[in-house]
Each structure stands twice: as C-alpha cells, then as structure tokens.
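K.L.:
predicted coordinates and the sequence they were generated for:
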Amino acid sequence: MSLNTLQKQTSRNIQEKANLIWEIATHLVGLFKPHEYGKVVLPMTVLKRFDDALKPTKAAVVVQAKKLDEQGITGQVRDGILTTLSGYSFYNSSKFDFDKLLAEPDDIDINFEDYLQGFSDNVKDIISNFKFADQIKTMVDGNVLYIVVQEFCSEKGDMSPDKITSADMGYIFEELIRKFSESYNEQAGAHFTSRDVIYLMTELLVSPEKEKIAQQGCTKTAYDMAMGTSQMLGCLTERLQDINEDADLTAFGQEFNPETYAIAKADMLIKGGNASGMMYGDTLSDDKFKGYEFDYVISNPPFGIDWKRERAAVEEENKREGYDGRFGPGLPAISDGQMLFMLNGVKKLKHGSGRMAIIQNGSSLFTGDAGSGASNIRKYVIEEDLVEAIIQMPTDLFYNTGISTYIWLLTKGKEEHRKGKVQLIDASKCFKKRRKNIGNKRVDLDEKCINLIVKAYEKFDNNEYSDGDLTIESKVFDNDYFGYTKVTVLTPILGEDGKPVLKKGKPQPNKEKGTDTEIIPFGENIDEYFKKNVTPYNEFAYMDRSKDKMGYEIPFTRLFYKFVPPVPSEDIFAEIKALEVEETILMNELFHKEINEYNF
C-alpha cells in the first residue's frame, strides 16, 4: 500500500470515528439546539479519552490518593506523585470511572459530579471553561446524562490509547471541532482556521531551515497569541515532525474565549503536548507571556474588531514602557486592533532568528495617514527590516469572511540576500474551488497551490510562476520604496504688485486658499519634485517643511494592477450585428411555427 493511500485510509478512519462519536448528539435533539451539541460532545470526548487512558493505572491512583489524603499530603507534592503513578500529566482519584457510573443509574448525577471532582486541576480547569456544569444540569433535567455516558461506553466511544494513538486522537478531536464549527455557520471562523491556510503558513515559516531540520532535527518553541482551538500550533508541530521525527516543538498560546481555550488545552492534553503552556486571558490587556521569546509565532488574530475593552491597559503600557514594551511604535485606530497583535508578535520573536506568520486584512497595508499610529507601525516594521514577505491570498478562503486577506512574514533573522528588501506575492488567483461551501469558504489551497506559493517565496525575484491553470506573481522592492514624505503646501497672500506679501522675509499664507499636501516618495528630491509638479500650476506656492510627516503604505493592488484594454468598438458592433441576426432567425422560426399551428 502506498504512503498516499495509507494517509487517505487513515484520514477516512479518523473521519468515520469522529462521525460515530458525533452521532451521540442524536440523543440531545430537542434538549439542545444543533449548534449546542458540541458543548456536550466535545467535553464528553475529552473526559472519555482521559478515562480510557487512565484505566490501566486507575485503581493504583485511587489507592494512593486515599493514602496521601490520610497523611495530609496535598498540593504539588500530591499532584506529582499521582501524575507519576498515572503515567500522564493528569489523573483521576475518584472511585468512579465511566463503567462504574453505569452501575448506578439512579445516582448518575451525584456520582458523575464525584467523578469530575476527582480529576487533577488541569482537567478541572478545562471542565470549568467548557462551562460543562450548565450542560450537565440540562442533561440531568432532561434524563439523558445516563444515556450519553452509556453511549460513550459503547464501541463508538472507545478511545483507548492502544487503539487510537495520541496523534490520531488529536485528528479525531479536530474533526469534532470542525463539525462543531460548521454548526455555527458564519461564526465558525471566529475560532477555527482551516488546515490548508495553516499548512501554507507552516511551510513559509520553516522554509529557510527545512534542510537543516531534516538533517539535524531541532528543538524549537512556538507561540499563538490568539490560538482559538490551537490548531495552528498542532499543525506546526506536525509539520516539523514530518520533516524530522526527532524535531521537538514546545507550544505556547493564549486565548480569550473560555470555551475555545478549554478546547485548546484539552487538545494539548490529548496529544500529550504542553498543556501548561495554554493560557487564558486577553492578549492585549493581560499578556501571559511577558518577557518570553519564541522561535516561531503563528497566528490569525481578529481583524476589523475594536480594542475599546483593552484601551486603558494598552495605552498605559504604551506610555509607561514605550519601545521597551509591545506598543512603542504606535497605536492603530480604535476600530481595528489587528496591528496591535502584530506588534505583540514582533516583541516576542527570538532575537536574531525568530520568525512570524500572521494573517491580516488589507487595512494593515495602507490605512492611516502619515504620522498616524498605523502608518508608524508600518514604518517601524519596515525600517527595522522585519518584513520579509507579504502574500495576498484568494478571497473566499475563510469560513467567516470572503474578503481579501494577507499573510505577513516577519523575522528578526533575515537571510543576507533579503536584507533591505520586501517581497510581495500576489496569490489571489491561486486556489482550487470547493465542491461544497462551508460558510464563506468557497475555495481551498491544495498541495499544488501551496507548492507554487512557496516556490515563488523561495526564488525571491521578480517573476511569474505557473502550474497548469494556476499563476502567481512575485515582486521585490527596497524597503524605502514604501516610504513617503507628506509635505504641506501653502499659497501666499499676493500684494497689489502680484508678488507674495512677506513678513520678516517669509511669505504669509493666504488662509482663504487653505492648505494642500503633496505625497513625495522617498528617493525623490523634494525641492525638485515641488518645482516639477507644483509650481507650474501655482507659481508662488511654497512648502512649510516644519510640518513634514513621514509615512509608509503598501499599495498592493496598485503594484499588481494589470491594464486590460477595452474591447474595440468595431468588435462590439460586430457582436451586436451577430445578435441581431440571431434574433431575426429565432423570431422567424417562432412566428412561422405559430402560423402553421393556427392553420392546422
């Protein structure tokens, strides 16, 4: 059997297992709304996986826990002893497990609570953030808790580690998350980024050192500042271990939504990953990783969302810490906080080598006038030579939005040939149409798409790249290309002699004429530009250079615009004549038929 066939078979088995587990939701019909099924299925799946994993050592843990309690041993010492005995980073000291819960159907609610309280604190944290107590009460009131536990004890709910590996369990859990996300329809993308996008981001992140990792392995750290269900961290781990099975990645992440945080932490526990590195809280106002630096940052933070909730904390940090903090370069408009996440990620890149792939919408490229917070952020990341590449993605790629999106690649370790340069890649036409839409997601990035984009990135030149019907274009610019000076232009008061009125040797501005501005690209001589483009149309105009402002923008659309000449008028006329001829033939056929039918 080929590797490709084996991978397809494995994928099919994972999907079938996830479908069987999801079928348990049929017992929730009427009691829960369809988009609420995941609130039961996901935490129950987590608990059953833990229950099956702990089964071989459960009896010993229960006995040992009782001894420790009698000896008054608590806290970290107790946890350390019990996790060592359980063989996992979690344990359950309750006398109940899923099988024993079935033995006492009349006391299922009391016994289930005892079972939950027996878990270690890291699992209790997950249960709490799932807000599972509310779902349990609803199931008890609706007399379905026992039935659901019974279903998870059947073959479809068997998640023993000897039957399902940690990696496959992670995939099954991800498939359940996807089903849960789909039930939310347009809300799915709020916490779920599809794997095709993540795969591209991971390929771009590891590209410069892929050969080295393949030969030597690696020990790396990764961080997602808006981790949602932690799928980006999972995919990055998977990719590194695919390159070299000895590659080691320690993942860290922060998430503000309690339910998705619970999913992320559970996913890490299920996979045996760094669950303690999953943190709950608002990244912008409550940074859980202050002072940390990471090899990789990978993230799809919210865009088009205001940061009013975090405003006081962000502004206070900006004022107190300046460039020593995260937000020294500037603050964007209050209506959109995505560039704050970019600055947060930049601050956390390991000096000399850290790399970040972050998704932004188009506003990060150009919004904000010269001197504004957004422009100053662009100025900072470009002048500090942090921006390696920006890739425009196809529209309709995400579950919750159809707009244009961009992957920014930033690094504190540019390769020598990239220094002082920014690469732009237009991959907006590089996609494969889906057979079935999921929300706003109508297109995918298949392997051919990803390979073509990565190829263009690695070639780092001005060129077009094609593969069949797929075409993308790469352009490389000097950093200064995106900078400009915004100059204030004034018109003086003119005297009766038609000359400017001077005061202390300086022309006096005519307030009735107002002010104008000129955007002058870096690299152009400002005085020469003024003489060429302004004075021919306003002879006595002058510049107030004290009001100069520096700005940066990345006019992506304009840079890749291709002029399409209009259809020649003679061609349009010929098409109209052809349509008239066709219309005449059709009308003749129609009326001839009607006359014949009438005569008959």
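P.N.:
That came through, no problem.
K.L.:
give the contact list for the nearest residue to F556 once chain neighbours are set aside.
P.N.:
Distances taken as C-beta to C-beta, 6 or more residues apart in numbering place L365 nearest to F556, at 5.5 Å, with adjacent residues excluded. Heads up, the C-betas are built off the backbone N, CA and C, glycines and all. With contacts defined as C-beta atoms under 8 Å, 6 or more residues apart in numbering, the neighbours of L365 are 378, 390, 406, 553-556.
K.L.:
so of those residues, which ones are in helices?
P.N.:
Among the contacts of L365, the members falling in helices (DSSP state H) are 378, 556.
K.L.:
where in the stretch 451-600 of the chain is pLDDT low?
P.N.:
Residues of the stretch 451-600 of the chain meeting the criterion pLDDT under 70: 592-600.
K.L.:
any chance you could map the strands in it?
P.N.:
Remark: strands assigned in the stretch 451-600 of the chain by DSSP state E, counting those that start in this stretch are 463-467, 470-478, 483-490, 502-503, 506-507, 515-521, 542-552.
K.L.:
can you list these in CSV and add mean neighbour count and distance to F132?
P.N.:
Shown next, in CSV, are the strands of the stretch 451-600 of the chain (neighbours: other C-beta atoms under 10 Å; distance: least, C-beta to C-beta, whole Å):
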stretch, mean neighbour count, distance to F132
strand 463-467, 13, 48
strand 470-478, 18, 45
strand 483-490, 19, 53
strand 502-503, 10, 76
strand 506-507, 16, 73
strand 515-521, 14, 56
strand 542-552, 16, 48
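K.L.:
let's have those in a markdown table, adding distance to G413.
P.N.:
Below are these laid out as a markdown table (distance: least, C-beta to C-beta, whole Å):
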| stretch | distance to G413 |
| --- | --- |
| strand 463-467 | 25 |
| strand 470-478 | 18 |
| strand 483-490 | 23 |
| strand 502-503 | 55 |
| strand 506-507 | 50 |
| strand 515-521 | 29 |
| strand 542-552 | 22 |
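K.L.:
among the ones you listed, which is nearest E589?
P.N.:
Taking C-beta to C-beta, strand 470-478 is the member of those nearest to E589, at 43.5 Å.
K.L.:
what is that closest one packed up against?
P.N.:
Using 3 or more C-beta pairs under 8 Å, 6 or more residues apart in numbering; DSSP states H and E as the contact test, the elements touching strand 470-478 are strand 421-426, helix 447-459, strand 463-467.
K.L.:
let's see that with 10 Å instead.
P.N.:
Contacts defined by 3 or more C-beta pairs under 10 Å, 6 or more residues apart in numbering; DSSP states H and E place strand 470-478 against strand 387-392, strand 421-426, helix 447-459, strand 463-467, helix 556-559.
K.L.:
format these as TSV; extra columns: distance to L145.
P.N.:
Formatted as TSV, these follow (distance: least, C-beta to C-beta, whole Å):
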stretch	distance to L145
strand 387-392	49
strand 421-426	53
helix 447-459	44
strand 463-467	54
helix 556-559	54
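K.L.:
nearest to T138, out of those?
P.N.:
Nearest to T138, of these and by C-beta to C-beta, is helix 447-459 at 42.9 Å.
K.L.:
and for the closest one, what's in contact with it?
P.N.:
Contact with helix 447-459 is made by 196-197, 199-204, 207-208, 210, 388-389, 391, 393-394, 407, 409, 423, 425-427, 430-432, 443, 445, 463-474, 476, as judged by C-beta atoms under 10 Å, 6 or more residues apart in numbering.
K.L.:
and the buried ones among the residues you listed, selectable in PyMOL?
P.N.:
Remark: buried members of these, expressed as a PyMOL selection using 16 or more other C-beta atoms under 10 Å:
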select buried, resi 196+197+199+200+201+202+203+204+208+210+388+389+391+393+394+407+409+423+425+426+427+430+431+432+443+445+465+470+472+473+474+476
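K.L.:
distance of the most centrally placed residue in the chain relative to Q360?
P.N.:
For the chain, the residue nearest the mean C-alpha position is N300 (1.8 Å; C-alpha atoms, centre = their mean). Using C-beta to C-beta, to the nearest Å, N300 is found at 9 Å from Q360.
K.L.:
what do those two both touch?
P.N.:
By C-beta under 10 Å, 6+ apart, N300 and Q360 have these common neighbours: 338, 341, 405, 407.
K.L.:
give me the neighbour count for the second one.
P.N.:
To tie it back to what came earlier, the one meant is F341. Neighbours of F341 under the rule other C-beta atoms under 10 Å: 24.
K.L.:
likewise for the third one?
P.N.:
By the measure other C-beta under 10 Å, the count of residues near T405 is 21.
K.L.:
so it touches P301, yeah?
P.N.:
No: no contact is recorded between T405 and P301 when judged using C-beta atoms under 10 Å, the distance being 11.8 Å.
K.L.:
common neighbours of those two, please.
P.N.:
359-360.
K.L.:
right, and the secondary structure at F112 would be what?
P.N.:
Assigned with DSSP: H, G, I helix; E, B strand; the rest coil, F112 falls in the helix class.
K.L.:
so, low pLDDT: which residues of this protein?
P.N.:
In the predicted model, the chain carries pLDDT under 70 at residues 1-12, 181-192, 592-600.
K.L.:
longest helix in it, please.
P.N.:
Identified as the longest helix of the chain according to DSSP H is helix 38-70.
K.L.:
chain center to that helix, what's the gap?
P.N.:
Mean C-alpha position of helix 38-70 versus that of the full chain (C-alpha atoms, centre = their mean, to the nearest Å) differs by 33 Å.
K.L.:
if anything else comes up later, I'll come back, but that's it for now.
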